[in-house]
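Asker: Got a sequence here, can you model it:
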Amino acid sequence: MSSKKWNGPRGSQVCSAKLTEDNVLEIKRRIKDKQSLTFIAQHFAVSIAAISRIKNKKTWRHVK
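Answerer: This is a model prediction of the structure:
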């Protein structure tokens, strides 16, 4: 397995991204405020899994 860092596009620079960095900041705030993942996902028109991956820092880790 290679230890090279990914140097490709990140976040909203990816052409298929449905969220922006501002959206992710808002999602993280809502998670912190204990809103349900289902409600957040419906509000942003993405899957619950996408919200869960943001919550668990699997995606959008570069957004603080």
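
Asker: Nearest the middle, which residue of the chain would you pick?
Answerer: Ranked by distance to the mean C-alpha position of the chain (CA atoms, centre = their mean), the top residue is residue 54 at 4.0 Å.

Asker: Who are the packing partners of the strand or helix carrying that one?
Answerer: Assigned by DSSP states H and E, residue 54 belongs to helix 48-55. Applying 3 or more CB pairs under 8 Å, 6 or more residues apart in numbering; DSSP states H and E, one finds that helix 48-55 contacts helix 21-32, helix 37-44. (C-beta placed from N, C-alpha, C; glycine too.)

Asker: Could you rerun that using 6 Å?
Answerer: Helices and strands touching helix 48-55, by 3 or more CB pairs under 6 Å, 6 or more residues apart in numbering; DSSP states H and E, are helix 37-44.

Asker: May I have the helix it packs on exported as CSV, CA atoms only?
Answerer: Only the C-alpha atoms of helix 37-44 are listed here, as CSV (Å, rounded to 0.1, in the frame of the first residue of the first chain):
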residue,chain,number,x,y,z
LEU,A,37,-29.1,12.5,10.8
THR,A,38,-32.3,11.8,8.9
PHE,A,39,-33.5,15.3,9.3
ILE,A,40,-30.2,16.8,8.2
ALA,A,41,-30.0,14.4,5.2
GLN,A,42,-33.5,15.4,4.1
HIS,A,43,-32.7,19.1,4.5
PHE,A,44,-29.6,18.9,2.3
